[in-house]
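Student: structure, please.
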Amino acid sequence: MEAFFSAVDDRDERGTGLYLVMGELDRFFPDIKARISCGGSFVEIDPGEVIEGLRHDFPQEWAKNVTREHKKPFRNFPVRPGGFLPPASETRL
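Tutor: Numbers count the residues shown, from 1 in each chain. The predicted model follows:
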């Protein structure tokens with residue numbers, strides 16, 4: 001659900017201050033709304049003005065400097081040509 005200030009928020013947030021609500025918490029970048037209050041009057045503001053690190057965009061010219069590296073899948077264990085176990089002739093008792 002998107003972030004929004006509810007009627008309960010409007011009723012409870014009477015003090016002078018900064019108020020934030022968050023929504024869509026299941027997303028990598030949740031939705032955030034911010035507002036300031038003074039004497040029961042509210043003014044919505046950009047959350048990026050009061051919270052650092054919200055910007056997730058970047059200049060497009062940076063994209064041309066990005067390269068993708070392709071690697072072969074990593075195996076956690078070595079596999080012998082004949083299988084996992086040595087042939088019976090190589091085992092010592």
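Student: could you report the neighbour count for the closest residue to residue 33 other than its chain neighbours?
Tutor: Leaving aside its chain neighbours, residue 33 sits nearest to residue 3 (4.4 Å; criterion: Cβ to Cβ, 6 or more residues apart in numbering). All C-beta spots, glycine's among them, are computed from the backbone N, C-alpha and C. Neighbourhood size, residue 3 [other Cβ atoms under 10 Å]: 16.
Student: so how far is residue 31 from residue 3?
Tutor: 4 Å (Cβ to Cβ, to the nearest Å).
Student: next: residue 22.
Tutor: 7 Å.
Student: between the two, which contacts overlap?
Tutor: Jointly contacting residue 22 and residue 31 under the rule Cβ atoms under 8 Å, 6 or more residues apart in numbering are residue 3.
Student: of the two, who's got more company?
Tutor: Counted by other Cβ under 10 Å, residue 22 and residue 31 do not tie: residue 31 has more neighbours, with 15 against 12.
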